[in-house]
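In: Below: sequence and its predicted model.
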Amino acid sequence: MDIQDIKNRFGIIGGSPLLNRAIDIARQVAPTDMSVLITGESGSGKEVFSHIIHQLSTRKHGSFIAVNCGAIPEGTIDSELFGHEKGSFTGAHEARKGYFEVANGGTIFLDEVAELPLGTQARLLRILESGEYLRVGSSKVQKTDVRIVAATNVDVYNRVKSGKFREDLYYRLNTVPLRIPALHERKEDIYLLFRKFSADFSDKYRSPGIQLEPDAIQMLSNYSWPGNVRQLKNIAEQICVLEKDRNVTSAALLNYIPNESATNLPMAISSNNKEDFTERDILYKVLFDMKKDMMELKKLVAEIIQSGGNTSHIMADNPHYINQLYQEIDETRAEPTFTIKKPSQSAPVDYNYTQEAEEIEESLSLIDKESDLIKKALKKHKGKRKFAAQELGISERTLYRKIKELNLN
Ligand SMILES: Nc1ncnc2c1ncn2[C@@H]1O[C@H](COP(=O)(O)OP(=O)(O)OP(=O)(O)O)[C@@H](O)[C@H]1O
Ligand SMILES: [Mg+2]
């Protein structure tokens with residue numbers, strides 16, 4: 001089957017070299033039994049590719065089971081994947097087959113694989129290496145013959161480095177890496193996709209066709225598409241349903257896609273990974289704030305040393321800064337204590353230098369800063385993640401992941 005046949009069969013639109021290359025890799029790896037790790041931003045088509053791999057494999061008549069590893073609670077995931085014996089835990093009234101048993105002879109698609117708990121990762125590694133597994137609550141070794149296709153929109157290797165993902169499993173899953181290009185890397189496909197989606201939706205809703213004016217086509221192509229093909233599809237649907245004037249101009253399009261040139265984010269910088277970009281953006285913010293704080297603290301410490309520990313003139317010269325300092329210290333009181341005693345009006349401040357240095361180390365943790373920022377944004381927007389994510393300049397999905405990672409629930 002050539003690449004065009006695959007596109008026709010699976011409804012894949014686009015002709016960019018990066019997309020063609022991905023399809024070519026999928027086509028070549030499909031008939032082997034190798035594990036494939038599909039990476040790509042949210043909405044870029046990872047699931048579509050998992051179907052291609054299964055359908056073009058010798059297992060196409062076997063089952064295909066898609067498991068969203070991020071959506072199954074940690075407490076039940078082993079039982080879902082590997083099954084359990086009757087009575088193996090409270091509520092296990094019957095024995096239950098796991099997906100690996102049901103999919104014997106077929107393919108399992110492990111979506112959001114980076115979210116697997118470490119214990120489950122160990123079981124998965126065993127299956128990959130020997131086809132063997134144990135049901136929860138049983139010591140009888142079972143065998144299964146399942147091909148694994150996994151997908152992720154995070155950098156799994158980063159998880160490996162932070163000890164959250166087993167390195168051996170990473171290499172085992174990543175036997176063949178398949179990267180699905182983001183939409184902003186294949187701009188030439190954007191208008192093609194829009195035309196196809198809007199024609200399909202016009203059919204579905206029996207509404208007149210949509211025409212884009214040249215300035216609207218331009219805007220569509222220049223947009224960054226953080227939600228990739230899924231976002232484009234949603235927008236095509238909205239326009240089909242809502243636009244009265246079927247000749248859509250860039251001005252009308254602005255009701256559906258944000259005007260990025262009007263935001264202060266430097267979106268024009270081309271980035272291969274939007275996820276990285278938004279995270280980088282937060283980190284810059286944090287680093288700048290920290291640098292400013294550090295400079296001010298250094299200045300303060302130098303003045304205190306110069307004045308031989310007498311802080312009264314410093315207090316008099318910097319009342320605003322000192323007050324702000326106390327306020328911040330009050331705010332973080334719940335966290336490790338910062339031992340600057342609030343002085344009575346005339347008494348010198350009791351600085352404990354070594355301890356102070358340690359405490360400053362503490363507050364320099366990027367993770368702390370990051371979770372602080374996230375907490376603040378959530379508080380400000382009364383827990384509404386959508387708005388908090390917007391304020392932080394990250395996607396809602398990234399925010400969701402961070403809340404999970406940092407245990408902020
Ligand atoms: N090249 C393409 N041509 C046509 N439709 C596509 C293409 N790529 C993706 N789609 C469609 O876009 C939507 C999103 O694709 P898919 O679910 O495979 O993305 P994903 O990468 O798995 O997303 P997520 O990370 O959010 O799970 C689906 O409706 C899919 O059919
Ligand atoms: Mg998916």
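Out: Thanks, I have it. All of these numbers come straight from a predicted model, not from anything done at the bench. Ligands and ions are numbered 1, 2, ... in the order given.

In: next structured bit after the helix or strand bottoming out on mean pLDDT in the chain?
Out: In the chain, the helix or strand scored least confidently by mean pLDDT, DSSP states H and E is helix 353-363, which has a mean of 38. Reading on from helix 353-363 to the C-terminus, the next helix or strand found by DSSP states H and E is helix 366-380.

In: For that following helix, name the packing helices and strands.
Out: Applying 3 or more CB pairs under 8 Å, 6 or more residues apart in numbering; DSSP states H and E, one finds that helix 366-380 contacts helix 274-306, helix 385-392, helix 396-405. In short, each C-beta sits where N, CA and C put it, glycine included.

In: Break down the stretch 1-150 of the chain into its strands, ranges please.
Out: 36-39, 64-68, 107-111, 132-134, 141-143, 147-152 (DSSP state E, counting those that start in this stretch).

In: name the helices or strands packed onto the third one?
Out: In other words, strand 107-111. For strand 107-111, the packing partners by 3+ CB pairs under 8 Å, 6+ apart come out as helix 46-55, strand 64-68, strand 147-152.

In: buried stuff in the shortest one?
Out: Neighbour-count burial for strand 64-68, counted by 16 or more other CB atoms under 10 Å, picks out 64-67.

In: Give the other helices and strands that it contacts.
Out: Strand 64-68 makes packing contacts with helix 46-55, helix 99-102, strand 107-111 when contacts are defined by 3+ CB pairs under 8 Å, 6+ apart.

In: Make CSV out of these and add distance to ligand 1, mean neighbour count and mean pLDDT.
Out: Written out in CSV, the entries for these read as follows (distance: least, CB to the nearest ligand atom, whole Å; neighbours: other CB atoms under 10 Å; pLDDT from 0 to 100):
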stretch, distance to ligand 1, mean neighbour count, mean pLDDT
helix 46-55, 3, 21, 98
helix 99-102, 18, 20, 97
strand 107-111, 6, 24, 98
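
In: Gly163 is nearest to which of the ones you listed?
Out: With CB to CB, the closest approach to Gly163 among the helices and strands packed on strand 64-68 belongs to strand 107-111: 20.0 Å.

In: quick check: angle from the closest one to strand 147-152?
Out: Direction vectors for strand 107-111 and strand 147-152, defined by axes from the mean of the first three to the mean of the last three CA atoms, to 10 degrees, enclose an angle of 10 degrees.

In: contact partners of strand 107-111?
Out: When contacts are defined by CB atoms under 8 Å, 6 or more residues apart in numbering, strand 107-111 is touched by residues 46-47, 50, 53-54, 57, 59, 62-70, 99-100, 116, 124, 146-151.

In: Kindly report the same for stretch 245-260.
Out: 208-213, 215-216, 218-220, 222-224, 235, 238-239, 243, 267.

In: Please apply the same query to stretch 187-197.
Out: Contacts of stretch 187-197 (CB under 8 Å, 6+ apart): 13-16, 19, 183, 212, 217, 220-221, 225, 229, 232-233, 236-237.

In: Try it again at 10 Å.
Out: Residues outside stretch 187-197 that contact it (CB atoms under 10 Å, 6 or more residues apart in numbering) are 11-19, 181, 183-184, 186, 209-212, 216-218, 220-223, 225, 228-229, 232-237, 239-240, 248.

In: on that earlier part again, between the helices and strands packed on strand 64-68, which one is nearest to Phe201?
Out: Between those, helix 46-55 lies closest to Phe201; by CB to CB that is 18.4 Å.

In: per-residue pLDDT, the residue of the stretch 301-409 of the chain found nearest ligand 1?
Out: For the stretch 301-409 of the chain, the nearest residue to ligand 1 under the criterion CB to the nearest ligand atom is Arg397, separated by 7.5 Å. You'll see Arg397 listed with a pLDDT of 80.

In: these two touch, right, it and Asn228?
Out: No - counting by CB atoms under 10 Å, Arg397 stays clear of Asn228, with 11.5 Å between them.

In: which residues are in contact with both of those two?
Out: Between them, Arg397 and Asn228 share the neighbouring residues 41-43, 153, with contact defined by CB under 10 Å, 6+ apart.

In: These: which ones sit near ligand 1?
Out: With CB under 6 Å from any ligand atom as the criterion, the shared contacts of Arg397 and Asn228 include 42-43, 153 near ligand 1.
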